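Asker: build me a model from this:
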Amino acid sequence: MDIDQYIGSGILEAYCLGLLTGEEQADVLKITALYPEVKAELDAVELSFEQLANLTAVEPANHLKGRLLASIDFGADDFSLSADDLPVLSASQSPQPWLDLFAHLIPEEPVDAFNVNVIRDDAIVQQMLITANTDAAEEEHSEFYEGLFILKGSCVCVIGGEVYALGPGDFVEMPLNTKHNVTLTTPFVTAVLQYRFV
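Answerer: Next comes the predicted model:
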C-alpha cells in the first residue's frame, strides 16, 4: 500500500466529516491500526478540524439556540418541573416538560380567542398559560418585563422594530417601555406569558 497516496486521497478528511459508509469507516480504522503513519495523520486531521471549528464557532442567538436544543429535546429528560416551584423564564428551552405538566389546561382546539390560566403569581413574577387564536395588538409596559415562551404553534413578535420568528421552545423578553406586538403564523399558539416585575 502506498501510504502517501492513501493519506493524500482525502479519505481521512471524509472520515472525520462522517461522509463514509460503515464499511469504509471500518477500513479506515483497520488501516490506522496497521500503519502508525496513517494514525498520526488521522489525529492531525481531527485536531485541524477541531481547531477550525473553534475558530469559526459563534454562539447562536438565544431564540435560535433554544429552538436548536428544543428540536433535539436537549435536557428534557433531566429537567423536572413542579407546579409548586415554577422557574422564572429567562432563556429558550425544551417546551416538553411544560406541555407535560400543564396538558390538562391546554385545549386541543381553542374556542375562545384568548384562554388564560394563571400558573404562578408572586412578588417576583406572574406566569400565565395562554392559548390564543388571535394576534396581540401593539403595547408597551413600564412596570414589568413581558416574556413569551412558545409551547405550541408559531408567531412573529416585533419588539422595538426588531422581528423575531418564534416557535416551540423559543423565549423572548420585551424591554421596558418598548413597543411590541405578536402576529400568529399558525391557527393558534400555546405559550407561557410571563410578567417579571421591576
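
Asker: list the buried ones in stretch 128-145?
Answerer: Neighbour-count burial for stretch 128-145 flags Met128, Leu129, Ile130, Thr131, Ala132, Asn133, Ala136, Tyr145 (criterion: 16 or more other CB atoms under 10 Å). Glycine gets a C-beta too; all of them are placed from N, C-alpha and C.

Asker: in strands, which of these fall?
Answerer: Met128, Leu129, Ile130, Thr131, Ala132, Ala136, Tyr145 (DSSP state E).

Asker: could I get the buried residues of stretch 128-145 as TSV with distance to Leu193 and pLDDT?
Answerer: Shown next, in TSV, are the buried residues of stretch 128-145 (distance: CB to CB, whole Å; pLDDT from 0 to 100):
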residue	distance to Leu193	pLDDT
Met128	5	97
Leu129	8	97
Ile130	5	96
Thr131	11	95
Ala132	9	94
Asn133	15	92
Ala136	9	93
Tyr145	12	95
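
Asker: avg pLDDT for the top helix by length along the chain?
Answerer: When the chain is parsed with DSSP state H, its longest helix is helix 36-56. Helix 36-56 carries an average pLDDT of 90.

Asker: touching it from outside, list them.
Answerer: With CB atoms under 8 Å, 6 or more residues apart in numbering as the contact definition, helix 36-56 has outside contacts at Ile3, Tyr6, Ile7, Leu12, Glu13, Tyr15, Cys16, Leu17, Val28, Ile31, Thr32, Ala33.
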